[in-house]
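Colleague: My questions concern the predicted model and sequence given below.
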Amino acid sequence: MGRSARDHRSDPGEWQMKPARPKRTRLRSKGKNGVPTLSDDRLKTAQDAVGYKFKDPKLLVRALTHPSAVGGGDPVRESNQRLEFLGDRVLNLVIAERLMERRKMESEGELAPRLNRLVKKGACADAMRHLELQEFILLSDGEEAAGGRSRESTLGDACEAVIGAIFKDGGLSPARKFIEKAWAPQFASAPAETKDPKTLLQEWAQGQGLPLPDYDVLSRSGPDHEPIYEIEAKVEGRGSAVATGPSKREAERSAAALLLQSLAG
């Protein structure tokens with residue numbers, strides 16, 4: 001007679017036997033618990049948002065992988081850190097090239113603050129938000145709970161990494177197209193006029209995390225109705241420049257412009 005279901009379950013040997021999972025299932029599980037990944041649907045949606053179809057989609061996944069998501073793996077090679085390094089250089093090149101083409105009458109001193117404003121971490125974070133790519137960033141549960149998905153540094157790093165991934169996969173042309181698309185609102189809102197050299201110097205110093213520029217009157221000469229001021233503009237630890245003018249303001253502007261040119265060079 002055959003055994004009952006109860007007798008079958010009570011057999012110690014058969015109770016311990018479990019059917020082996022198919023190999024493909026084990027591989028998917030390993031990928032999920034080891035190296036971070038996106039589902040096929042999420043990956044396609046992310047590529048649509050980027051506006052570029054990767055020949056090697058793993059590059060995009062890595063670009064969107066925050067170091068916290070790697071777990072016990074190698075965060076240097078499996079997160080977006082190295083791609084971020086590459087993307088930062090590509091971004092600077094593309095923005096510098098764009099400024100050179102669009103602002104043909106501006107000096108190095110005038111272009112440098114514009115470049116800094118468009119490549120800083122906050123600008124990269126804004127580009128990420130514009131394309132709504134923040135939802136695809138892979139984070140650890142702890143980093144997610146700590147607000148990492150909205151953190152400027154996290155978004156900025158991921159954006160630079162995406163640029164690096166596009167460049168590595170397809171070269172400069174698609175990377176440039178992505179930047180034009182992602183930075184479109186910032187390009188549109190950029191001031192058309194050239195700012196006062198003192199304002200530009202102040203923005204440059206702030207962008208570098210330095211103290212604000214100082215202006216010192218070195219001398220005043222000439223008659224009261226026609227004075228000549230000699231002013232020194234300086235940024236702590238980065239240098240100084242001296243200029244003269246018929247008023248303190250004009251001399252400060254000239255000194256600031258000279259210092260900007262020196263710093264840009």
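Modeller: Structure received. Numbering: from 1, shown residues only.
Colleague: for the protein, longest helix please?
Modeller: helix 81-102 (DSSP state H).
Colleague: Any chance you could list what contacts the helix or strand just after that helix?
Modeller: Following helix 81-102 in sequence order, the next helix or strand is helix 108-119 (DSSP states H and E). Residues from elsewhere that reach helix 108-119, judged by Cβ atoms under 8 Å, 6 or more residues apart in numbering: 88, 91-92, 95-96, 99-100, 103, 106, 123, 183, 186, 190, 194-195, 197, 200-201, 203-204, 207-208, 257-261, 263-265. To be clear about C-beta, it is placed using only N, CA and C from the backbone, and glycine gets the same treatment.
Colleague: For residue 225, give me its contacts.
Modeller: Contacts of residue 225 by Cβ under 8 Å, 6+ apart: none found.
Colleague: Report the inter-axis angle for the longest helix of the chain versus helix 108-119.
Modeller: In terms of direction (axes from the mean of the first three to the mean of the last three Cα atoms, to 10 degrees), helix 81-102 departs from helix 108-119 by 140 degrees.
Colleague: Buried residues of helix 81-102, list them for me.
Modeller: For helix 81-102, a neighbour-count test (16 or more other Cβ atoms under 10 Å) marks 81-84, 86-88, 90-91, 93-96, 98-99 as buried.
Colleague: Can I get stretch 233-240 in PDB? Just the C-alpha atoms.
Modeller: C-alpha atoms of stretch 233-240 as PDB (Å, rounded to 0.1, in the frame of the first residue of the first chain):
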ATOM      1  CA  ALA A 233      42.600  92.900  -5.500                       C
ATOM      2  CA  LYS A 234      43.500  89.600  -3.800                       C
ATOM      3  CA  VAL A 235      42.100  86.200  -3.100                       C
ATOM      4  CA  GLU A 236      43.700  84.500  -0.200                       C
ATOM      5  CA  GLY A 237      46.100  81.800  -1.200                       C
ATOM      6  CA  ARG A 238      45.500  82.400  -5.000                       C
ATOM      7  CA  GLY A 239      47.300  85.600  -5.800                       C
ATOM      8  CA  SER A 240      46.600  89.300  -6.300                       C
END
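Colleague: Among the contacts of helix 108-119, the buried ones, what's the ChimeraX command?
Modeller: Buried subset of the contacts of helix 108-119, written as a ChimeraX selection, criterion 16+ other Cβ under 10 Å:
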select :88,91,95,96,99,123,183,197,200,201,203,204,207,257,258,259,260,261,263,264
